[in-house]
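quick one: sequence plus predicted model below, questions after.
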Amino acid sequence: MSMYGRDPWGGPLEICHDSATDDDRSRNMDLDRAALSRTLDETQQSWLLAGPGDQGRKKKRYVDLGCLLVSRKIFLWTVGVLLAAAALAGIAAGIAKAIPRHHSPPPPPDQYTVALRKALMFFNAQKSGKLPKHNNVPWRGDSCLKDGRSDQSFRRDLSGGYYDAGDAVKFNFPAAFSMTLLSWSVIEYSAKYEAAGELGHVRDTIKWGADYLLKTFNSTADTIDRLVAQVGSAATASGSTQPNDQYCWMRPEEIDYPRPVTECHSCPDLAGEMAAALAAASIVFKDNRAYSHKLLHGATTVWKFASDRNKRGSGSYSPRGSDAAKFYNSTNYFDEAVWGGTWMYLATGNSSYLERVTDPKLAKRAGAFSGGPNYGVFSWNNKLPGAQVLLSRLRLFLSPGYPYEEMLRTFHNQTTIIMCSYLPVFKSFNRTKGGLIQLNHGMPQPLQYVANAAFLASVFSDYLEASDTPGWDCGPHFYSIEVLRSFARTQIEYILGKNHLKMSYVVGYGKHYPKNVHHRGASIPKKGGHRGCTGGWHWRDSKNANPNIITGAMVAGPDRHDGFKDARKNRNYTEATLAGNAGLVAALVALSGEGHGVDRNTMFSAVPPMFPSPPPPPAPWKP
């Protein structure tokens, strides 16, 4: 039998027999196991895993991004594209920045802002002493550097401060009032001053005046027995040829005649106003702690002098026959007691001051309930209307309650009566045909009173708005705050040129304004040498325009028929004063800019909380 089987498909079934022996196969299997157990390197693995024809290709490389494995080539391309895009964006931004753009110009300042910037310049022209480098009045220079020292009975430095008007007398009573009024306007409207670019300017103006006031008494002491009331002399007896600040007509820089110092030992009116000025300034400069404390200490010292019953005497800083009585006579000192005490309370937060000013007896003596033809006419001689507006602010914003509420409500009611008197419908004051309110009843120099009233009306309307009060009552009638603002605007616009003469009463504002201002420094050329006491009479009597423009000076104003004479020798028309310009500045800043509103909190920065803080809540209950 054959050992070969047959294939069913016709072929032989043959078993192929390997010639290798079983031992050889076993040995080869052992070698293969060793090869398989050895770790292969990367190249070997690629050989092993490569398919046919793969051995000649380049190996791909990858970048491990942590959670993602990315081809290195793609990664590099992506980074390159991003860097190129960033570079192009930077170049484009640089080109765009370099290309000049046509920005639309900012809107022009309103008329009140323009006039405000000029009105502040008047104070630069009135500075006495060694002037700062950037005073910006080219025709002015250092003057009266020996004030105080040249007086043999005084012998202390009184340089600095401000000349009152066209002469060279430094009257401390109206000067202190001017500084108080400027400080009040800064406290209320510092944001508006800053928007107009004048905040630094007005602060410098106040500091110049406050520094001088501190020289007029021993401001480092706790108690004093005298004050300086004025420097210089202006009273001239008929036929007298004694050189003084009224008889002589010369530039302040050339003054060589004696300038006496007038002191007072019983002057609560002057002391009360000086306390108000220093206290208000201490709030303005509260960001300068050392200087603010210096001002407040001086205010406290001079207030003690004002409150000392033994020092009151006749109660007036202006005795009969004095310069002060002729030019700035004080008729009462109780209004300064309310005014000064209010500012002392606001500057210190000491409730004893508030108790004093809310004493019904003091209010009655100050004339809070008497009415009369001059009731509500705010001026250097009558501070009561301003004090009542301030105390109304206290009631509207803080509402102190008992025991002050009754008198504060009375002051608030009196303030609303004053605001009613400003409206034409009540006929408390006459008006010219051109619409100017006659607060001084047709007497000369009306504009200073008008400017003060415009400020009070504006600031009180802002108080009402800030306290969410839409208006106020005048008897059975209710008037919106816009009516009050309209009064303020129409009066200031009259001053700025909206009158039948089409003339601005602020020098340098508009195209038509007074050219012959009653002012010695402005009327005499700077060049020409020393001309002596009477050498300037030539310019005083000249009809030619002043060679120097005293920018920002608000002149005394028109008569009761809207008439005006631009004559240098007629001071009732053409003289400008510190107090008048302070009221103008305050009114202008209140009306300037867009919108309304006062700084609610700065005025009360020293006033403690009216009511104690509520106790903390009890600890949570634990079972």
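Everything's here; your move.

any idea which element residue 549 lies in?
Counting by DSSP states H and E, no helix or strand carries residue 549.

how would you label the nearest residue to it once chain neighbours are set aside: helix, strand or coil?
Using Cβ to Cβ, 6 or more residues apart in numbering and skipping the chain neighbours, the partner closest in space to residue 549 is residue 508 (5.9 Å). Heads up, the C-betas are built off the backbone N, CA and C, glycines and all. Assigned with DSSP: H, G, I helix; E, B strand; the rest coil, residue 508 falls in the coil class.

check what pLDDT residue 508 gets.
Per-residue confidence (pLDDT) for residue 508: 97.

now it: how far from residue 117?
Going from residue 508 to residue 117 by Cβ to Cβ, to the nearest Å gives 10 Å.

again, but for residue 386
25 Å.

cool, and residue 377?
28 Å.

check which element follows the lengthiest helix in the chain along the chain.
The longest helix of the chain (DSSP state H) is helix 72-98. Sequence order places helix 111-125 as the next helix or strand after helix 72-98, per DSSP H and E.

contacts for that following helix, please.
135-137, 140, 162, 196-198, 201-202, 205, 208, 492-493, 496, 506-509, 521-522, 550-554, 576, 578, 581, 584-585, 588-589, 591-593 (Cβ atoms under 8 Å, 6 or more residues apart in numbering).

can we see that at 6 Å?
135-137, 140, 196, 198, 201, 205, 496, 506, 508-509, 550-553, 581, 584-585, 588-589, 591-592 (Cβ atoms under 6 Å, 6 or more residues apart in numbering).

just the buried ones from the residues you listed, in PyMOL syntax?
To isolate the buried ones among the contacts of helix 111-125 in PyMOL, judged by 16 or more other Cβ atoms under 10 Å, type:
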select buried, resi 135+137+140+196+198+201+205+496+506+508+509+550+551+552+553+581+584+585+588+589+591+592
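
list the buried residues in stretch 428-437.
428-429, 432, 436-437.

now render those as a markdown table, adding distance to residue 277, secondary structure and pLDDT.
As requested, the buried residues of stretch 428-437 are arranged in a markdown table below (distance: Cβ to Cβ, whole Å; DSSP: H, G, I helix; E, B strand; the rest coil; pLDDT from 0 to 100):
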| residue | distance to residue 277 | secondary structure | pLDDT |
| --- | --- | --- | --- |
| 428 | 30 | coil | 91 |
| 429 | 28 | coil | 95 |
| 432 | 33 | coil | 97 |
| 436 | 29 | coil | 98 |
| 437 | 27 | strand | 98 |
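
dump these into a markdown table; add distance to residue 71 as well.
Putting the buried residues of stretch 428-437 into a markdown table (distance: Cβ to Cβ, whole Å) gives the following:
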| residue | distance to residue 71 |
| --- | --- |
| 428 | 93 |
| 429 | 93 |
| 432 | 93 |
| 436 | 89 |
| 437 | 88 |
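
shaky segments in this protein?
1-70, 75, 96, 100-106, 236-237, 309-315, 612-613 (pLDDT under 70).

quick revisit: I'd like to know which elements the longest helix of the chain is packed against.
strand 62-64 (3 or more Cβ pairs under 6 Å, 6 or more residues apart in numbering; DSSP states H and E).

how far out from the middle of the chain is the longest helix of the chain?
Offset of helix 72-98 from its chain centre (Cα atoms, centre = their mean, to the nearest Å): 49 Å.

buried ones in that helix?
Within helix 72-98, judged by 16+ other Cβ under 10 Å, no residue is buried.

cool, and stretch 234-250?
So for stretch 234-250, counting by 16+ other Cβ under 10 Å, buried means 234-236, 243-250.

now stretch 606-616
606-607.

and the contacts of stretch 284-298?
By Cβ under 6 Å, 6+ apart, the list of residues contacting stretch 284-298 reads 183, 186, 206, 214, 219, 278, 281-282, 347.

now for those, which pair is the farthest apart?
186 and 219 (21.5 Å; Cβ to Cβ).

can you give me the helices for the stretch 251-400 of the chain?
268-284, 289-307, 323-327, 334-348, 351-357, 360-366, 384-397 (DSSP state H, counting those that start in this stretch).

buried residues, the longest one. List them.
Applying a neighbour-count criterion of 16+ other Cβ under 10 Å, the buried positions in helix 289-307 are 291-292, 294-307.

C-alpha coordinates for that helix, PDB please?
Output in PDB follows, covering the C-alpha atoms of helix 289-307 (Å, rounded to 0.1, in the frame of the first residue of the first chain):
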ATOM      1  CA  ARG A 289      -4.400 120.000  57.500                       C
ATOM      2  CA  ALA A 290      -1.800 122.300  59.000                       C
ATOM      3  CA  TYR A 291      -3.000 125.400  57.300                       C
ATOM      4  CA  SER A 292      -6.600 124.700  58.000                       C
ATOM      5  CA  HIS A 293      -5.800 124.200  61.700                       C
ATOM      6  CA  LYS A 294      -3.900 127.500  61.700                       C
ATOM      7  CA  LEU A 295      -6.900 129.300  60.200                       C
ATOM      8  CA  LEU A 296      -9.400 127.700  62.600                       C
ATOM      9  CA  HIS A 297      -7.200 128.600  65.600                       C
ATOM     10  CA  GLY A 298      -7.200 132.200  64.400                       C
ATOM     11  CA  ALA A 299     -11.000 132.100  63.900                       C
ATOM     12  CA  THR A 300     -11.500 130.800  67.400                       C
ATOM     13  CA  THR A 301      -9.300 133.400  68.900                       C
ATOM     14  CA  VAL A 302     -10.900 136.300  67.200                       C
ATOM     15  CA  TRP A 303     -14.400 134.900  67.900                       C
ATOM     16  CA  LYS A 304     -13.600 134.900  71.600                       C
ATOM     17  CA  PHE A 305     -12.700 138.600  71.200                       C
ATOM     18  CA  ALA A 306     -16.000 139.200  69.400                       C
ATOM     19  CA  SER A 307     -18.000 137.400  72.100                       C
END
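
angle of it against helix 268-284?
160 degrees (axes from the mean of the first three to the mean of the last three Cα atoms, to 10 degrees).

gap between the two ends of stretch 466-473?
End-to-end distance for stretch 466-473, by Cα to Cα, to the nearest Å: 17 Å.

and for that stretch, what are the contacting residues?
396, 416, 478-481, 600.

scan the residues you listed and report the most crowded one.
Neighbour counts for the contacts of stretch 466-473 (other Cβ atoms under 10 Å) peak at residue 481, which has 21 neighbours.

show me where the stretch 351-500 of the chain has its strands.
Counting by DSSP state E, counting those that start in this stretch, the stretch 351-500 of the chain has strands at residues 471-474, 477-480.

can I get those in TSV with distance to residue 562?
Shown next, in TSV, are the strands of the stretch 351-500 of the chain (distance: least, Cβ to Cβ, whole Å):
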stretch	distance to residue 562
strand 471-474	27
strand 477-480	27
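
closest one to residue 604 among those?
strand 471-474 (22.2 Å).

show me what that closest one pairs with in its sheet, parallel or antiparallel.
strand 477-480 (antiparallel) (DSSP bridges).

which residues touch the partner strand?
470-471.

quick one: the residue nearest to residue 580 when sequence neighbours are not counted and residue 119, what's the gap?
Nearest residue to residue 580 in three dimensions, chain neighbours excluded: residue 448, at 3.5 Å (Cβ to Cβ, 6+ apart). Distance of residue 448 to residue 119, given as Cβ to Cβ: 12 Å.

many thanks, I have nothing further to ask.
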